[in-house]
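Visitor: turn this into a structure:
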Amino acid sequence: MALALHLYRRIMRRGRVIGLLALSAVPALVFWLTAFDSSEEDLTATFTDIISSVGYTFAIAVLILTTSTLRDERDSGTLPYIYMRPIARLSMAAQSIAAGSAAALVIGVGGWLATVIAAFAVGAGLDLALPSLSLFAAAGIGYAAIFVPLGYLVPRALLVGLGYILVLETILANAVEGLAQFSIWRIGLSIYAGLEDGFGEVAEANLGPVTPGVGGGIAKLAIVLVIGLVALTWALRKRDAL
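Guide: As a prediction, the model looks like this:
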């Protein structure tokens, strides 16, 4: 796992991490500001509504972070040296996605901890925020599986990734029922919904036609990981490192 550790350290630069932690903490700030006008009975619904909608800031943070996993190496001209090492392309792909996933999880846990602080600030307990950790974790891993290969394959990966998040996940997936099943955010929400009984109306609408459930969500997440691994392995074998 030496390559994974190297890639993780390279993308987790201090300035980048601080900025992305702030971006992923936006839902916590919005909840803190909103919860003062909510009754104690409505706190759970308010929390789930905000996390499920404003939480896309975390998706953008993961996009910015994970597309850099191999792109930084390519842009700096050091990727060919990694190619020269006796590492199987499958192992290289797996370690790259592992590095991106680990980085995304760090940002996700940071964003989730911000929601914990916000929950305590409005008089709620850990029970309110605890199930949402599953959403941050699942979305972080799922997006990393897509955006790490994207960062390697596409020169303007940020624009393409933003198009995926803003167009496919927030517009087309709401209009076309079948596309909702391919939404990483909704896969994460389905796991969250399987652990949290008090989803609000907005959160239910954001989940859409995707069936809540931990097992089903994890199975879909595993499929996304396999697809990302296969795509990146193919790209590392067929595409020029430069």
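Visitor: and for residue 99, the neighbour number?
Guide: 26 (other CB atoms under 10 Å). (C-beta placed from N, C-alpha, C; glycine too.)
Visitor: err, residue 35, not the other one
Guide: Other residues close to residue 35 by other CB under 10 Å number 22.
Visitor: so how far is residue 106 from it?
Guide: Look at residue 35 and residue 106: by CB to CB, to the nearest Å, they are 26 Å apart.
Visitor: and for residue 94?
Guide: Relative to residue 106, and taking CB to CB, residue 94 is found at 19 Å.
Visitor: do residue 52 as well
Guide: Distance from residue 52 to residue 106, by CB to CB: 22 Å.
Visitor: helices and strands of this protein: which one bottoms out on pLDDT?
Guide: helix 79-83 (a mean of 65; mean pLDDT, DSSP states H and E).
Visitor: that one: what's the following helix or strand?
Guide: helix 89-121 (DSSP states H and E).
Visitor: in which helix or strand would I find the most centrally placed residue in the chain?
Guide: Closest residue to the average C-alpha location of the chain: residue 140 at 2.7 Å, with CA atoms, centre = their mean. Taking DSSP H and E as the criterion, residue 140 maps to helix 133-153.
Visitor: packing partners of that helix?
Guide: helix 56-66, helix 68-76, helix 89-121, helix 157-163, helix 184-195, helix 214-238 (3 or more CB pairs under 8 Å, 6 or more residues apart in numbering; DSSP states H and E).
Visitor: which other helices and strands does the last one contact?
Guide: Helix 214-238 sits against helix 89-121, helix 133-153, helix 184-195, with contacts defined as 3+ CB pairs under 8 Å, 6+ apart.
Visitor: make TSV out of those helices and add mean pLDDT and distance to residue 13.
Guide: Listed next are those as TSV, based on pLDDT from 0 to 100; distance: least, CB to CB, whole Å:
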stretch	mean pLDDT	distance to residue 13
helix 89-121	93	11
helix 133-153	94	15
helix 184-195	93	25
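Visitor: I figured residue 146 hits residue 164, correct?
Guide: Yes. Judged on CB atoms under 8 Å, residue 146 makes contact with residue 164 at a distance of 7.5 Å.
Visitor: can you lay out the helices and strands packed on helix 214-238 as CSV showing distance to residue 9?
Guide: Putting these into CSV (distance: least, CB to CB, whole Å) gives the following:
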stretch, distance to residue 9
helix 89-121, 9
helix 133-153, 16
helix 184-195, 25
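Visitor: just for the protein, where's the confidence low?
Guide: 38-41, 75-84, 175, 239-242 (pLDDT under 70).
Visitor: do that again at 50, thanks
Guide: 242 (pLDDT under 50).
Visitor: what comes up buried for stretch 114-130?
Guide: 114, 115, 116, 118, 119, 122, 124, 128, 129 (16 or more other CB atoms under 10 Å).
Visitor: what is the nearest of the residues you listed to residue 30?
Guide: Using CB to CB, residue 118 is the member of the buried residues of stretch 114-130 that sits closest to residue 30, with 8.8 Å.
Visitor: list the contacts of that closest one.
Guide: Residues in contact with residue 118 (CB atoms under 8 Å, 6 or more residues apart in numbering) are 28, 29, 31, 32, 35, 129.
Visitor: ok, it to residue 46 distance?
Guide: For residue 118, the distance to residue 46 - CB to CB - is 11 Å.
Visitor: same check, this time on residue 110
Guide: 22 Å.
Visitor: higher neighbour count, those two?
Guide: residue 46 (22 against 19).
Visitor: residue contacts, the more buried one?
Guide: So residue 46 contacts 31, 34, 35, 38, 200 (CB under 8 Å, 6+ apart).
Visitor: count of residues packed around the residue lying closest to the last one once chain neighbours are set aside?
Guide: Read it as residue 200. The spatial neighbour of residue 200 that comes closest, neighbours along the chain excluded (CB to CB, 6 or more residues apart in numbering), is residue 45 at 3.3 Å. Applying other CB under 10 Å, we find 17 other residues in the vicinity of residue 45.
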